[in-house]
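Q: Kindly return the folded structure for what I paste below:
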Amino acid sequence: MIKRITELLIQFLEIDISSYEESFIEKSINKKMDDARCDSLEDYFELLKISANERSILIDSLKNSYSEFFRNPLSFSVLERIVLPQLVAKLKNKSHGELRIWSAACASGQEVYSLAMLLEEMRSVSAEHFSYRIFATDKSEEQISKAQAGFYTGNDLNNVTMRRIKRWFTKQGENYSVIPELKQNIHYSVFDLFDENLSAPPASIFGDFDIVLCANILFYYRGGHKDMILKKVRNSLSVEGILLTGESERDILLSAGFREVYPQSAIFRG
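A: This is a model prediction of the structure:
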């Protein structure tokens, strides 16, 4: 039945779900079936056939666009205290003289702005000036637009300290807007990780990233598509570049031959 639902969705689809893990598709379908109060998959299948709205709801749930500020506290703590200071210290030996970062599936921007906060705070206390650029991409134009706007609810900021909220956001009613200063070194663009003609965001010109963030996306995809993403990421990293993934994806990276730099941190070198 789930296969029949998948075949039905393909007729109306804006995304290619053939690359997704079956377990992820099944979990999403079961959740939306419960939300729709359908007693069986057969009932839900019939609902999908007649309801464009329900198809849209299910398709949206498959677009894996969820994100949080400082989503993995351990990873961001290791970045702040160890990884970023080390990378900045090595900048003077690099020809381009700037920290180059790629957020490969940035969703609505929380991950990108979290990293930008760390970097701006480092620059404010660093004895030596350094520059950085973050190339933030997502395959969804809608998500890129949200990220560029930098507009969030109070609940979105649950993982952000009050000190950082006061420093980096402007309160607008019950919501919060990222201040322009935090956006100035971020370049947003639409980019499909499965595009065989592009190895990195065109705006970056040559890749050579010191950091690539590709967190909480690999576990959605089948083996071959995981390999495609990891190959693209690996080829875009600088010689001593690091890859940040999600906690639940550590085994995927270890199996692919990546080396975890700090235990349990989900931070790797190729």
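
Q: partner residues bridging residue 269?
A: For residue 269, the beta-bridge partners under DSSP bridges are residue 259.

Q: so it touches residue 239, yeah?
A: No: Residue 269 is beyond contact range of residue 239, at 9.7 Å (criterion: Cβ atoms under 8 Å). Placement of C-beta: from N, CA and C, glycine included.

Q: Please say which of those two ends up with more neighbours.
A: Between residue 269 and residue 239, counted using other Cβ atoms under 10 Å, residue 269 has the larger neighbour count: 14 against 9.

Q: Quick one: residues contacting that one.
A: By Cβ atoms under 8 Å, 6 or more residues apart in numbering, residue 269 lies in contact with 240-243, 258-259, 261.

Q: and if you look at residue 131?
A: Residue 131 touches 97-99, 185, counting by Cβ under 8 Å, 6+ apart.

Q: If any of the residues you listed are buried, put those into a PyMOL selection.
A: A single PyMOL command is used to select the members of these judged buried by 16 or more other Cβ atoms under 10 Å:
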select buried, resi 99+185
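
Q: In helices, which of the contacts of residue 131 appear?
A: Among these, DSSP state H puts none in helices.

Q: Closest to residue 221 out of the contacts of residue 131?
A: Each of those was scored against residue 221 by Cβ to Cβ, and residue 99 proved nearest at 28.5 Å.

Q: hang on, isn't the closest one packed against residue 91?
A: Yes: using Cβ under 8 Å, residue 99 is in contact with residue 91, at 6.4 Å.

Q: what residues are shared contacts of the two?
A: Both residue 99 and residue 91 are contacted by residue 130, under the criterion Cβ under 8 Å, 6+ apart.

Q: Next up, phi/psi of residue 36, please.
A: phi -80, psi 0 (degrees, to the nearest 10).

Q: Surely it is in contact with residue 48?
A: No: at 9.2 Å, residue 36 does not count as touching residue 48 under the criterion of Cβ under 8 Å.

Q: more crowded one of these two?
A: The neighbour count for residue 36 versus residue 48, taken as other Cβ under 10 Å, is higher for residue 48 (23 against 15).

Q: Show me the helices in the stretch 101-250 of the chain, by range?
A: For the stretch 101-250 of the chain, the helices defined by DSSP state H, counting those that start in this stretch occupy 110-125, 141-149, 162-168, 180-183, 223-236, 250-255.

Q: Make CSV from those and add distance to residue 22 and mean neighbour count to it.
A: Converted to CSV, those look like this (distance: least, Cβ to Cβ, whole Å; neighbours: other Cβ atoms under 10 Å):
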stretch, distance to residue 22, mean neighbour count
helix 110-125, 27, 19
helix 141-149, 24, 17
helix 162-168, 40, 14
helix 180-183, 39, 14
helix 223-236, 12, 17
helix 250-255, 16, 15
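
Q: Could you save the ones you listed as JSON lines and add columns showing mean pLDDT?
A: Putting the helices of the stretch 101-250 of the chain into JSON lines (pLDDT from 0 to 100) gives the following:
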{"stretch": "helix 110-125", "mean pLDDT": "96"}
{"stretch": "helix 141-149", "mean pLDDT": "95"}
{"stretch": "helix 162-168", "mean pLDDT": "97"}
{"stretch": "helix 180-183", "mean pLDDT": "97"}
{"stretch": "helix 223-236", "mean pLDDT": "90"}
{"stretch": "helix 250-255", "mean pLDDT": "93"}
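
Q: what's the closest of those helices to residue 60?
A: helix 141-149 (9.9 Å).

Q: Next, the angle from the closest one to helix 110-125.
A: Using axes from the mean of the first three to the mean of the last three Cα atoms, to 10 degrees, the inter-axis angle of helix 141-149 relative to helix 110-125 is 20 degrees.
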